Structures are given as structure tokens and as C-alpha cells.
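Visitor: Sharing a model that was predicted from the sequence below.
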Amino acid sequence: MPRVLLATFALMPDGEGGPLLVDTLARHGVEAAWAVWDDPAVDWAGADLVAARSVWDYHRRLPEFLAWARRVEETSTLLNGAATFETNADKAYLLDLGSVPVVPTELLHHEGLRTGLAAALQRWGTVVVKPRTGASGVGVVVADHVDDLRLAGLTAGPWLVQPLVESVRTAGETSVYVFDGRALTQADKRPEGQEIRVQEEYGGTTVAAPLDPERGELAERAVAAAGGAAYARVDLMHLDGWCVSEVELIEPGLYLEVLPENADHLADVVVRHL
């Protein structure tokens, strides 16, 4: 049987979904195991394929993580690949998606932070500031003016600034999963109360939903514009039509608790890429 390693991080050694993905791969004729990406004892070269899965500390240790990805790629197949990881780790990629509609986005740097914020506030009113390299909503700040005390919550820059998409509090956000270029599943997410972050740690809820053809087609276009990927999650918001807020190509959470079929879809991808 071919051997696959599913990379996770030290605080989640059993990975997202625990045995579900391992058992699913076994049914597809693949031996799989979870392995912590920075564990020096792991023999990555002994795997026929490596998939970065719940490596949910990569944004805090990006240079080290990218160096690990490049080493893995020298001796094994790494799904999506180190070059894709490096590009996708900087959310400035949103500016390079061509004709794909995205949430309006500007870049912010330490130099000129105040003037950049002031310009964005004048253009859009309430804005959202987020780190260009980040995950799980960490460091996301909503601000109404340049002296907004909430801006004290900014994490290390540089950052993106975007208009606050009010529909996230009513229509929520959609995640579409794209496997080898095809949109196959969808999850709808809602934040709690006045929160804009939809992750569960902030009180958000996620439910499975039938795949909407319009959102599926947009997600496929977004992944293609980002350079393609074996598997991806595309997050969408509604702002005068559906638009892309993120294209996750490094370690997209599969939300297996609400979309267990994603385990089979990823297993199909693994088999095709072995």
C-alpha cells in the first residue's frame, strides 16, 4: 500500500477529525498516519505523499514552515507544494486574482499606517484590518476611526484593510471546497451577535449546505486564478454579489464534523496524485 503522511501541529497530534481521514484513506487502499510537521523524528522521505492538513501554527512560524515544506518536496510529493504555500501565506494574493470579484482590499504597512487607515475609512466608513499572514481570525480588528481603541488589538504587520461587509451578520459567509479544480461541497457560516468572525471559537456556527452553482463556479475561478491546487477552500461574502474573501491553499480546514464527505473527496485527490 502507498504511504501518506498527514501533517498536523503539536497541539493537535491526532489531526482534524482524528481517525476519520486515516480510515477513509485506508478504504481507498492508502496507508495514512498523522505526523507533527516540526517533529524531527518523522521520516517524511519515507512517505509517497504528504498533505499539509491541520498545520494551524504555520502563520506564527512561517519561515520555518516554508523551509520544512521545501525539504519535504525534495524527497516526496507535497500536495499543493511549497511555492503555492509561500504565495498563499500572504493575503496580498487577493490583489492578483484578476477578473475574479474579491472583497475590496488595500495594503497597510507600519510606515504610513495612520494615513492609510484614514484613506480607507474615508472611502469605506467602517473597516476591517487583518494581518497579511494570519489564520483563525486572530488579529482581525474592526475600526470606525483612526483613534479607535480597538486598533490596539492589531498583531504584527503588515496588514490588509477592507470595508466591513455588513451582510456577514445577516447572510453570513460561505465556504466552498474545490478538489482538483471542481467545487464539490459547501458550508454556510454565521457569526454570533455583532461579531464578524464566523469561527467557532468566537461563537460562530457552521452548517452543511447544498452546493450553489453560482458560488461553486466562482470558487473554481478563484482557485484557477490563484494558480490551481489539488484541494482548496474558498470563502465568499455577499457585497453587491458574491465575492471572494479568502482562497485557502495551505491547510484548509475541511469541517469534517459537518461535511464528512470531504474526507472521501480528499482521499480521491490523494489517490490521483500518488
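Guide: Done, it's in.
Visitor: Can you name the residues bridging to the nearest residue to Tyr255 once chain neighbours are set aside?
Guide: Nearest residue to Tyr255, sequence neighbours excluded (Cβ to Cβ, 6 or more residues apart in numbering): Ala187, at 5.3 Å. Using the backbone N, CA and C atoms, a C-beta is placed for each residue, glycine as well. For Ala187, the beta-bridge partners are Ser175, Ala208 (DSSP bridges).
Visitor: what's the burial count for Ala187?
Guide: For Ala187, the number of neighbouring residues by other Cβ atoms under 10 Å comes to 22.
Visitor: now Asp144
Guide: 12.
Visitor: you'd agree it is up against Thr126?
Guide: Yes - with contact defined as Cβ atoms under 8 Å, Asp144 reaches Thr126; the gap is 5.3 Å.
Visitor: Next up, the contacts around Ser99.
Guide: Ala225 (Cβ atoms under 8 Å, 6 or more residues apart in numbering).
Visitor: so how far is Glu166 from it?
Guide: 25 Å (Cβ to Cβ, to the nearest Å).
Visitor: His59 too?
Guide: Applying Cβ to Cβ to His59 and Glu166 gives a distance of 27 Å.
Visitor: Please say which of these two ends up with more neighbours.
Guide: His59 (20 against 14).
Visitor: which residue sits closest to the more buried one, ignoring its sequence neighbours?
Guide: Excluding its sequence neighbours, the residue lying closest to His59 (Cβ to Cβ, 6+ apart) is Ala135, at 4.7 Å.
Visitor: Surely the one you found forms part of a strand?
Guide: No - per DSSP: H, G, I helix; E, B strand; the rest coil, Ala135 lies outside any strand segment and is coil.
Visitor: Let me see the contact set for it.
Guide: Going by Cβ under 8 Å, 6+ apart, Ala135 touches 56, 58-59.
Visitor: If we only consider these, which is nearest to Ala82?
Guide: Tyr58 (11.8 Å; Cβ to Cβ).
Visitor: nearest residue to that closest one other than its sequence neighbours?
Guide: Phe65 is the one closest to Tyr58 (Cβ to Cβ, 6+ apart), at 4.2 Å.
Visitor: again with Arg221
Guide: Val100 (5.3 Å).
Visitor: Next up, the contacts around the one you found.
Guide: 218, 221-222, 225, 244.
Visitor: JSON lines please, covering these and showing secondary structure and neighbour count.
Guide: As requested, the contacts of Val100 are exported to JSON lines (DSSP: H, G, I helix; E, B strand; the rest coil; neighbours: other Cβ atoms under 10 Å):
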{"residue": "Leu218", "secondary structure": "helix", "neighbour count": "22"}
{"residue": "Arg221", "secondary structure": "helix", "neighbour count": "19"}
{"residue": "Ala222", "secondary structure": "helix", "neighbour count": "26"}
{"residue": "Ala225", "secondary structure": "helix", "neighbour count": "17"}
{"residue": "Val244", "secondary structure": "strand", "neighbour count": "24"}
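Visitor: right, and the pair among those with maximum separation?
Guide: Leu218 and Ala225, at 10.4 Å, using Cβ to Cβ across the contacts of Val100.
Visitor: any idea how far the strand or helix carrying Gly216 is from the chain center?
Guide: Assigned by DSSP states H and E, Gly216 belongs to helix 213-225. Distance of helix 213-225 from its chain centroid, counting by Cα atoms, centre = their mean, to the nearest Å, is 15 Å.
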